[in-house]
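S.K.: Next input, structure requested:
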Amino acid sequence: MAPPILSFEDLGLIQGEGWLFRNLDIFIGPRDRLALIGRNGAGKTTLLKCLAGLVDTDEGTRKIVPGTKVVLLEQDTDMRGHATLEDWILSGDDAPAAHEAAAIAQQIGIDLSRDVATASGGERRRAAIVRALARDPDVLFLDEPTNHLDLGAIDWLEDWLQRFKGAFIVISHDRTFLNRLTKSCLWLDRGNIRRAEIGFGGFEAWTEAVYAEEQRAAEKLDAKLALELHWLQRGVTARRRRNQGRLAKLNEMRAQRAAMMGPAGGAKLGLAKDDVKTKTVIDADQVAKSFGDRPIIRDFTLRIQRGDRIGLVGANGTGKTTLLKLLTGELKPDSGTVTQAKTLSGIVIDQQRKLMSPEKRVRDVLAEGGDWIDVRGAKKHIKGYLKEFLFDPSLTEAPVGSLSGGERSRLLLAREFARASNLLVLDEPTNDLDLETLDLLQEVIADYEGTVLIVSHDRDFLDKTVTVTLGLDGSGKVDVVAGGYEDWVRKRYQDHRKPAKPKESSTASATPQPKAAAVKLSYKDQRDFDRLPAEIEKLEASISADEEALHDPDLFARDPKRFAELTERIARHRADVEAAELRWLEVAEMAEQLAR
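M.R.: This next block holds a predicted model:
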């Protein structure tokens, strides 16, 4: 094993009236790929700043190999005082070279001449990534790097990090991102740090083993585990059992949806006539919407039923927000009709996170200063309700300003989910949430009796929550697919594999052109076009076999090395499948263009 290039021994930091963490030993090797995992409020962001040398600790010794460049991509970036994104990127003593910044900006798709004042959250995030990567780091700390990024930018960042020759530590709620990139896990838990040489795919099984050992040790000492540990066990071991049932139910709902759709994937679902009035909450028929000369939505038809979970995916600017506004009645179509049920009553949790006043107490936000909260018609004590959302009940008097960003988002969810409604609209709901809160959010959505519309770039979250995916590619066409994100990707792949229908001649006597006269694919392109489908099938078979082996609940305890090998291979093969599918789609589109 290579010696560390950055380490921190006996790291300790006091926050408020006590230690946030103490006696932490962290070592970073030159090619480490580390996931930093912990609850909101555990101190993950603060720990990264300590490791980066940006926060003075109360205890401990930081060591770094001379000449090692450490760069931190922060979750929130202060760009005040700068006119354009480029001005901000090239400011400061450690600014990157202008040509390096321009090259990365072109790849990730950001106009650096954009005014800071009018830049969107996604544009600011891309600019921050440009600044961080263009500085040529040896060690890169990434705090929620995929927040506000669309799927194309996330794919690009994943590819860049896979080729990165340095080390990185990443905090992220994006399970797919972590699965594909990380080789080791750092777990910040109750002020302590643990490390395991397994990718994120093995994290839950590892933590279950740790908790089980703690349980046995506590029983031997005739002691009870702390209340927080019980919550954590509920959030891992018990949740896994619930997840199995929830996902089985979700797959059943998807199968029912697929059966309702026509063979061509049409979305005007076939319901019995007496079911239409009672089950349909939104009915869109031949909807079209353009802005200027650009079509945003074309010929879109969908009947949404009570209880549907609809996911909207696509790159930024493809029309997701427009489609969402059309479905909810906030925007009128240019042609076609959108009809909402008269009884429809919705709540919207948007990506802007209009957070509560920092001086207000948690009690004020949830119960207007009282002890009881009305949760969709049922009275619940505020302390019990806080526990349902993974809060310590003692936080009732805490000011909102004392909570971490993720805890504030969780508090917002708790407040909104208490309101009576039959339509829930979630716009990028996963931003700033830790992994446990994401699991909780999945449970709440599964138990919600109404209809849910979700705009998200979190692929794993969509795969575990939605029954129907609406995929937008920017041309105005909307794919309607029963299932989640992966089902949409698979449909696009299969659609491109279908042979193009021969074009009919404009006249009966037209002479067909010989194929040899057409421009053809290069040797490499043709070879990839022919070989990749079989390679993808082989990789998917390997993934299925390895996942079946991981179903053994005793594998981690019996053979941790084998467990680590399986999880790492699954993550690697999943990345290989996606890369192969993207390459196949690329050459398939080239072949389609040549055939026209």
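
S.K.: Name the spans of the stretch 201-350 of the chain whose pLDDT lies under the cut-off.
M.R.: For the stretch 201-350 of the chain, applying pLDDT under 70 flags the ranges 217-244, 260-278, 350.

S.K.: Please read the previous query as pertaining to the chain.
M.R.: Counting by pLDDT under 70, the ranges of the chain that qualify are 1, 217-244, 260-278, 350-356, 496-519, 553, 592-593, 595-596.

S.K.: domains in it, as residue ranges please.
M.R.: 6-211, 259-486, 514-595 (automatic domain parsing).

S.K.: mind putting these in a markdown table, mean neighbour count and distance to residue 493 included?
M.R.: Yep, even glycine has a C-beta here, placed from its N, CA and C like the rest. As requested, the domains of the chain are arranged in a markdown table below (neighbours: other Cβ atoms under 10 Å; distance: least, Cβ to Cβ, whole Å):
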| stretch | mean neighbour count | distance to residue 493 |
| --- | --- | --- |
| domain 6-211 | 18 | 15 |
| domain 259-486 | 18 | 10 |
| domain 514-595 | 15 | 5 |
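
S.K.: Distance to residue 494 added to the ones you listed, as TSV?
M.R.: Below are the domains of the chain laid out as TSV (distance: least, Cβ to Cβ, whole Å):
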stretch	distance to residue 494
domain 6-211	19
domain 259-486	11
domain 514-595	10
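
S.K.: Could you give the bridge partners of the closest residue to residue 145 other than its chain neighbours?
M.R.: Nearest residue to residue 145 in three dimensions, chain neighbours excluded: residue 73, at 5.8 Å (Cβ to Cβ, 6 or more residues apart in numbering). Going by DSSP bridges, residue 73 is paired in beta bridges with residue 142.

S.K.: my guess is residue 186 meets residue 34, correct?
M.R.: Yes - counting by Cβ atoms under 8 Å, residue 34 is a contact partner of residue 186 at 5.4 Å.

S.K.: Spit out the residues that contact the two alike.
M.R.: residue 169 (Cβ atoms under 8 Å, 6 or more residues apart in numbering).

S.K.: any idea how far residue 567 is from residue 375?
M.R.: As judged by Cβ to Cβ, to the nearest Å, residue 567 and residue 375 stand 38 Å apart.

S.K.: From residue 366, how far off is residue 404?
M.R.: Going from residue 404 to residue 366 by Cβ to Cβ gives 17 Å.

S.K.: cool, residue 562 as well?
M.R.: According to Cβ to Cβ, residue 562 and residue 366 sit 46 Å apart.

S.K.: sorry, back to before: which residues does the residue nearest to residue 145 contact?
M.R.: 128-129, 132, 140-143, 145.

S.K.: closest to residue 22 among these?
M.R.: residue 141 (20.9 Å; Cβ to Cβ).

S.K.: Show the contacting residues for that closest one.
M.R.: So residue 141 contacts 48, 51-52, 70-73, 168-170 (Cβ under 8 Å, 6+ apart).

S.K.: what sits against residue 329?
M.R.: 338, 340.

S.K.: Phi and psi next, for it.
M.R.: The phi and psi values for residue 329, taken as degrees, to the nearest 10, are phi 90, psi 0.

S.K.: all strands for the stretch 51-200 of the chain, in order.
M.R.: 59-64, 70-73, 139-143, 167-171, 184-189, 192-196 (DSSP state E, counting those that start in this stretch).

S.K.: where along the stretch 201-350 of the chain do the strands fall?
M.R.: With DSSP E, counting those that start in this stretch as the criterion, the stretch 201-350 of the chain has strands at 280-291, 294-305, 309-313, 335-340, 346-349.

S.K.: hang on, the earlier thing: would JSON lines of the strands of the stretch 51-200 of the chain with distance to residue 122 be doable?
M.R.: Shown next, in JSON lines, are the strands of the stretch 51-200 of the chain (distance: least, Cβ to Cβ, whole Å):
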{"stretch": "strand 59-64", "distance to residue 122": "33"}
{"stretch": "strand 70-73", "distance to residue 122": "15"}
{"stretch": "strand 139-143", "distance to residue 122": "16"}
{"stretch": "strand 167-171", "distance to residue 122": "19"}
{"stretch": "strand 184-189", "distance to residue 122": "28"}
{"stretch": "strand 192-196", "distance to residue 122": "32"}
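
S.K.: Among the ones you listed, which comes closest to residue 281?
M.R.: Proximity to residue 281, assessed across those by Cβ to Cβ, is greatest for strand 167-171 (37.4 Å).

S.K.: by contact count, what packs against that closest one?
M.R.: Applying 3 or more Cβ pairs under 8 Å, 6 or more residues apart in numbering; DSSP states H and E, one finds that strand 167-171 contacts strand 33-37, helix 44-51, strand 139-143, helix 175-181.

S.K.: If we use 6 Å, what do you get?
M.R.: strand 33-37, strand 139-143 (3 or more Cβ pairs under 6 Å, 6 or more residues apart in numbering; DSSP states H and E).

S.K.: so residue 564 sits in a helix?
M.R.: Yes - the assignment for residue 564 by DSSP: H, G, I helix; E, B strand; the rest coil puts it in a helix.

S.K.: Enumerate every residue touching it.
M.R.: Residue 564 makes contact with residue 198, according to Cβ atoms under 6 Å, 6 or more residues apart in numbering.

S.K.: can you tell me how far it sits from residue 550?
M.R.: Residue 564 is 11 Å from residue 550, by Cβ to Cβ.

S.K.: same question, residue 412
M.R.: Residue 412 sits 35 Å away from residue 550, going by Cβ to Cβ.

S.K.: just residue 124 next, same as before
M.R.: 39 Å.

S.K.: again, but for residue 328
M.R.: 41 Å.

S.K.: Leaving out the residues flanking it, which one is nearest to residue 434?
M.R.: residue 40 (4.5 Å).

S.K.: could you say which helix or strand contains the one you found?
M.R.: Per DSSP states H and E, residue 40 falls between elements, in no helix or strand.

S.K.: returning to what we had before: so which of the helices and strands packed on strand 167-171 comes closest to residue 386?
M.R.: strand 33-37 (22.7 Å).

S.K.: name the helices or strands packed onto that closest one?
M.R.: Using 3+ Cβ pairs under 6 Å, 6+ apart: strand 33-37 touches strand 167-171, strand 184-189.

S.K.: and the shortest one, which strands flank it?
M.R.: Strand 167-171 has the following strand partners under DSSP bridges: strand 33-37 (parallel), strand 139-143 (parallel).

S.K.: could you check the angle helix 44-51 makes with that strand?
M.R.: Angle between the axes of strand 167-171 and helix 44-51 is 150 degrees (criterion: axes from the mean of the first three to the mean of the last three Cα atoms, to 10 degrees).

S.K.: The last one too?
M.R.: Our comparison of strand 184-189 with helix 44-51, counting by the same axes, to 10 degrees, yields an angle of 110 degrees.

S.K.: For strand 184-189, which outside residues touch it?
M.R.: With contacts defined as Cβ under 6 Å, 6+ apart, strand 184-189 is touched by 34-38, 42, 44, 194-197, 203.
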